[in-house]
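>>> here are the coordinates; sequence isn't available:
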């Protein structure tokens, strides 16, 4: 995978929100179209950075756990704090772009999540954050986290220059996104409703029953009667045959599920991300065996945890006529990368 475009992190710095970063006197002002604040709202943590339009590189990445006070006000305050810290050296940004899971109205900025972040239900995140920064609501945009992952890989990662690409995030569940010529699509030939495969029928249930964290735990428990964390199972896979077999079974279901759900779309490349993808050597060859005969490459994320941040920036710049479309065009027209697994 030597030729995959590397992730660019300005200064090589990754910071924790607990670091001593003084930002109270710095006001991030919306004006320039050359940089944007980007956020990735994950299951347990939120990350923020500044993304630059020329090559989608990120500045220092600031990360913090979700607020202890589970209120919408605490959430918005945390986003503002992270944004101020991430933008401390870049005080002229055009707005903010947020990668966040659904259900969420990405056009209006209203959350409809009841199980994840229930305190945001009915809250207009765009308006609340814009008010906190002193911006207009139009200076905030958002997108689905799985879409952000794939857009990040298209802009600066493993799907750069790929005409038809699919991104799969493997973790608690399975997230998916489909793209044609560098743009995410949620309908069209071969694209499932809203680009989601997690709830498609598979072996008497749905895909997520067999391709997820709980699935790996179930495969291991079936062999040992013991419930363990996936990271622990992966760590012991070289010495524990039950752990190795659990990941092989996961790989079989991943391959079969991809074959049944992606066949009609006919992607050139499928990029795998999410926490489980870090253990790819334990299941990838098995998944590939079940894709035999299909003209598709499996690639592991080049950006991993930073893909959604980059993708949030890509989405911002692709929707604005700010000169950054040149970078997007270069990504879409670039030579197909080597490094297929």
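Received the coordinates, thanks. Note that the structure is a prediction, hence the values are computed from the model and not measured. Residues are numbered from 1 along each chain as shown.

>>> these two touch, right, residue 259 and residue 294?
Yes - using C-beta atoms under 8 Å, residue 259 is in contact with residue 294, at 6.9 Å. (C-beta placed from N, C-alpha, C; glycine too.)

>>> look up phi and psi at the closest residue to residue 180 other than its chain neighbours.
Closest residue in space to residue 180, ignoring its immediate chain neighbours: residue 164 at 5.8 Å, by C-beta to C-beta, 6 or more residues apart in numbering. Phi and psi for residue 164, reported as degrees, to the nearest 10, are phi -130, psi 120.

>>> run a quick neighbour tally on residue 164.
Each residue near residue 164 was counted by other C-beta atoms under 10 Å, and the total is 17.

>>> who's in contact with it?
By C-beta atoms under 8 Å, 6 or more residues apart in numbering, residue 164 lies in contact with 179-180, 265-269.

>>> how does it look with 6 Å?
Residue 164 sits next to 180, 267-268 when contact means C-beta atoms under 6 Å, 6 or more residues apart in numbering.

>>> all helices for the chain, in order.
Shown for the chain, the helices assigned by DSSP state H span residues 72-86, 125-133, 145-156, 207-210, 213-224, 230-235, 241-262, 284-289, 307-318, 325-333.

>>> pipe those into TSV and attach mean pLDDT, distance to residue 49 and mean neighbour count per row.
Converted to TSV, the helices of the chain look like this (pLDDT from 0 to 100; distance: least, C-beta to C-beta, whole Å; neighbours: other C-beta atoms under 10 Å):
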stretch	mean pLDDT	distance to residue 49	mean neighbour count
helix 72-86	95	5	21
helix 125-133	96	16	21
helix 145-156	97	12	31
helix 207-210	98	30	22
helix 213-224	98	26	19
helix 230-235	98	25	19
helix 241-262	97	30	21
helix 284-289	96	29	18
helix 307-318	96	5	30
helix 325-333	49	17	16
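
>>> so which of these comes closest to residue 116?
Residue 116 lies closest to helix 145-156 among the helices of the chain, at 10.6 Å (C-beta to C-beta).

>>> what packs against the closest one?
Judged by 3 or more C-beta pairs under 6 Å, 6 or more residues apart in numbering; DSSP states H and E, helix 145-156 is in contact with strand 164-170, strand 174-180, helix 307-318.

>>> ok, which of these comes nearest residue 138?
Among these, helix 307-318 comes nearest to residue 138, with 12.0 Å by C-beta to C-beta.

>>> which other residues reach that closest one?
Against helix 307-318 from outside (C-beta under 6 Å, 6+ apart): 36, 38, 40, 49, 51, 53, 56, 58, 97, 99, 143, 145, 148-149, 151-153, 155-156, 273, 301, 303, 324, 328.

>>> got the angle for that helix vs strand 174-180?
Per axes from the mean of the first three to the mean of the last three C-alpha atoms, to 10 degrees, the angle that helix 307-318 makes with strand 174-180 is 30 degrees.

>>> for residue 162, give me its contacts.
Residue 162 makes contact with 268-269, according to C-beta under 6 Å, 6+ apart.

>>> so how far is residue 190 from the residue nearest the centre of the chain?
Residue closest to the average C-alpha location in the chain (C-alpha atoms, centre = their mean): residue 149, at 3.0 Å. Distance, residue 149 to residue 190, using C-beta to C-beta, to the nearest Å: 19 Å.

>>> can you check residue 68 too?
Going from residue 68 to residue 190 by C-beta to C-beta gives 44 Å.
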